[in-house]
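*Asks:* structure for this input, please:
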Amino acid sequence: MADSIKGLKRTAYCAEFNMSNVGQRVTVFGWVQRQRDLGNLIFIDLRDRTGIVQLSFNDQTDREVFAKAQSARSEYVVAAVGTISERESKNKEIPTGDIEILVEDFRILSKAKTPPFEIEKSEKVGDETTLKYRYLNLRNEKLTKNILMRHKIAKIARDYFYDNGFIEIETPMMIKSTPEGARDYVVPSRIHKGKFYALPQSPQIYKQLTMIAGFDRYIQLARCFRDEDLRADRQPEFTQIDLEMSFVDTEDIMEMAEGFIAKLMKETLNIDIALPLKRMTFADAMNKYGSDKPDTRFDMLIQDISQWADSTDFAVFKNAVAEGGAVKAIVAKDAASKYSRKKIDKLTEYAKGIGAKGLAYIRWADESPNCSFGKFLKDGELDALIEQLGVQQGDVAFIISDKTRKALTIMGALRLVIAKELDIVPQGKWDYLWITEMPFFEQDEETGEWVAAHHPFTMPMEESIQYLDTDKSKVKAQAFDLVLNGTELSSGSMRITDCDLQNKMFELLGMTQEEIDAKFGFLVDAYHYAAPPHGGMGIGLDRLAMLICGADSLRDVVAFPKVQNASELMSGAPSYIDDVQLDELGIDIAKFGESKSEE
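*Replies:* Down below sits the predicted model:
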């Protein structure tokens, strides 16, 4: 039978003790990380959410207590009462390494089976196992610290926005399905058979309604759901620090967000962030970095060599320019020794895998440069290109030709891969960046169709409204993104408050009036009762935590994450529900591939 904690009250957490506590009698609770039995001495590393403290048992310890310590095994839950003492053999690797607890009372509160992996070495175990036993993996010090840091970020956010007059308002989790750019997760209604709620992709419409209601500054740590394919920085459910403000413009919103970022970085990492944050237009980001979320911690900018290419007889480049495309290049400094012909071939295969037709290069390893398309050039043309690009001995230049947007996007992806392979991305650098002057529409290069680049409530720039019907390429949005080290943290914008303009935007997105009324009628109707000018943004809490913790994946900062196929290995979600529940919902399911009995 397990021991009782009757009469025991925790004095402090394990890692909160130090030399100033020597001589104090304390009570601690936690998990056994390791037990070392040296015969007449036993040491136990006791772990809780703050860290580790050493428990010590010797020949002066009560024999019954000593026997219990001998029986303790990894991951047992225990309680210990004793006196803080200075350690003879200090451990500089842990904060409590100068002290130990000489135990007088020791209780085993719960015994554990042998875990399927060592908690302290769980990062060396495959995801399939650690995610199945996630509750064990969360005991790992690194993951514990990540979850605690995420909590700290959430607290800082609430404190900051509360102090700036924001009101936390919860918006519904079961809402009407409205198009926001991704697929909805839907919830069937038992009472209204055949009808479905949707889980919110964001609280967008509801937070705008709080502005119409007059609350003027809204904040929420909002849960959002999007049925999208997963990747390292995406989960099907995520949290955003969601805010909305009335009687403001974009500058006010960005300034408010910058204050939060400065406070966050100071209180989490003790880093002072210079304000205002840097800004870059969407056009410059694409042209220089090939991405609307550029990593600006290193150079290697994209250069345009279309004019030079058009003057040559090299058909691949010349035809791309003639067809309205472009020829783009980047120069990897001092990379010739790293990029052998074999390595370049491998990079070419990667480029083709993301849509490139090929990858041209100039590699200057020896006395003269080696150019993959040199035989197609006339005398002096290669020298002119080398001079334009600034290529020097030891460098490699990589070149892509295609439709302009495609060439930039491919080159932007190559830039990141090359920088990683060359190990030129500086660590410990925090490059926050606003992307501004966002395009309102994006053109599908295959179909030529113009589609919305943002949600349909985004306000166009006033000077752009005249082009809505005539030239969508000239329409810019009152929108902005916040980027950190190449990761998009936030999107924000001013919102449309004019009923007629909002209706027109829905029409431009291909909706009939009947569809507009059915999907957004309640919002349009609300605008008829007067709406203040307002705008806002949502900052990705998960991604922010991932970057601040230096984690490789969102899984490392989410307590119970999903895997790539959107399932949760620990609980087995999603799962079938029984026929009784299906009947109550009025749903008949076609089985795909497997039956309930095969589950």
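*Asks:* helices along the stretch 351-500 of the chain, start to end?
*Replies:* Along the stretch 351-500 of the chain, counting by DSSP state H, counting those that start in this stretch, helices occupy 381-389, 404-422, 499-508.
*Asks:* what of the stretch 201-350 of the chain?
*Replies:* 204-212, 250-269, 282-289, 306-310, 315-322, 341-353.
*Asks:* can you pull the buried residues of the second one?
*Replies:* Looking back up the chat, that one is helix 250-269. Using 16 or more other Cβ atoms under 10 Å as the test for burial, helix 250-269 gives 250, 253-254, 256-258, 260-265, 268. C-beta coordinates here come from the backbone N, C-alpha and C atoms, glycine included.
*Asks:* show me which pair in these is furthest apart.
*Replies:* 250 and 268 (26.5 Å; Cβ to Cβ).
*Asks:* that older thread, so which of the helices of the stretch 351-500 of the chain is nearest residue 527?
*Replies:* Comparing the helices of the stretch 351-500 of the chain by Cβ to Cβ, helix 499-508 comes nearest, at 4.7 Å.
*Asks:* averaged pLDDT, that closest one. What do you get?
*Replies:* Looking at helix 499-508 alone, the average pLDDT works out to 86.
*Asks:* that helix: how far from the chain's middle?
*Replies:* Put simply, helix 499-508 sits 33 Å off its chain's centre (Cα atoms, centre = their mean, to the nearest Å).
*Asks:* and it, what does it pack onto?
*Replies:* helix 513-527 (3 or more Cβ pairs under 8 Å, 6 or more residues apart in numbering; DSSP states H and E).
*Asks:* contact partners of the helix it packs on?
*Replies:* When contacts are defined by Cβ atoms under 8 Å, 6 or more residues apart in numbering, helix 513-527 is touched by residues 176-179, 205, 208-209, 212, 497-499, 502-503, 506-507, 511.
*Asks:* following element in sequence after it, please.
*Replies:* On the C-terminal side of helix 513-527, the nearest following helix or strand under DSSP states H and E is strand 534-540.
*Asks:* neighbouring strands - and their directions - for that next one?
*Replies:* strand 237-246 (antiparallel), strand 487-494 (antiparallel) (DSSP bridges).
*Asks:* pick the most buried one from those.
*Replies:* strand 237-246 (a mean of 23; mean count of other Cβ atoms under 10 Å).
*Asks:* okay, angle between it and helix 204-212 too, please.
*Replies:* 30 degrees (axes from the mean of the first three to the mean of the last three Cα atoms, to 10 degrees).
*Asks:* so how far is strand 237-246 off the chain centroid?
*Replies:* That offset, for strand 237-246, works out to 15 Å (Cα atoms, centre = their mean).
*Asks:* tell me the mean pLDDT over that strand?
*Replies:* According to the model, strand 237-246 has a mean pLDDT of 97.
*Asks:* just give me the longest helix of the chain.
*Replies:* Assignment by DSSP state H gives helix 141-163 as the longest helix of the chain.
*Asks:* I'd like to know the average pLDDT value across the helix or strand following it.
*Replies:* The helix or strand immediately downstream of helix 141-163 is strand 167-168, counting by DSSP H and E. What strand 167-168 shows for mean pLDDT is 98.
*Asks:* each with direction, which strands does the strand or helix carrying residue 29 pair with?
*Replies:* Element membership for residue 29, per DSSP H and E: strand 25-37. The strands beside strand 25-37 in its sheet (DSSP bridges) come out as strand 42-48 (antiparallel), strand 77-86 (antiparallel).
*Asks:* can you say which of the ones you listed is packed in most?
*Replies:* The most buried one of those (mean count of other Cβ under 10 Å) is strand 42-48, showing a mean of 22.
*Asks:* okay, angle between that strand and helix 141-163 too, please.
*Replies:* 30 degrees.
*Asks:* number the residues from 757 up from this point.
*Replies:* Right, with 757 as the first residue, what we last looked at is strand 798-804.
*Asks:* strand partners (parallel or antiparallel) of the next helix or strand after strand 798-804?
*Replies:* Downstream of strand 798-804, the first helix or strand assigned by DSSP H and E is strand 807-813. Strand 807-813 has its sheet partners listed here by DSSP bridges as strand 798-804 (antiparallel), strand 855-866 (parallel).
*Asks:* average pLDDT for the last one?
*Replies:* Read that as strand 855-866. 98.
*Asks:* try stretch 945-952
*Replies:* 93.
*Asks:* now that stretch - C-alpha only, PDB.
*Replies:* These are the backbone C-alpha positions of stretch 945-952, laid out as PDB (Å, rounded to 0.1, in the frame of the first residue of the first chain):
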ATOM      1  CA  SER A 945     -25.600  19.000 -34.200                       C
ATOM      2  CA  ARG A 946     -27.800  16.400 -32.400                       C
ATOM      3  CA  ILE A 947     -30.700  18.800 -32.000                       C
ATOM      4  CA  HIS A 948     -30.600  20.300 -35.500                       C
ATOM      5  CA  LYS A 949     -30.000  17.100 -37.400                       C
ATOM      6  CA  GLY A 950     -28.200  17.600 -40.700                       C
ATOM      7  CA  LYS A 951     -26.700  20.800 -39.600                       C
ATOM      8  CA  PHE A 952     -23.100  21.400 -38.400                       C
END
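*Asks:* residues of it that come out buried?
*Replies:* residue 952.
*Asks:* give me the pLDDT for the residue lying closest to residue 868 once chain neighbours are set aside.
*Replies:* Nearest residue to residue 868 in three dimensions, chain neighbours excluded: residue 831, at 3.9 Å (Cβ to Cβ, 6 or more residues apart in numbering). pLDDT, residue 831: 97.
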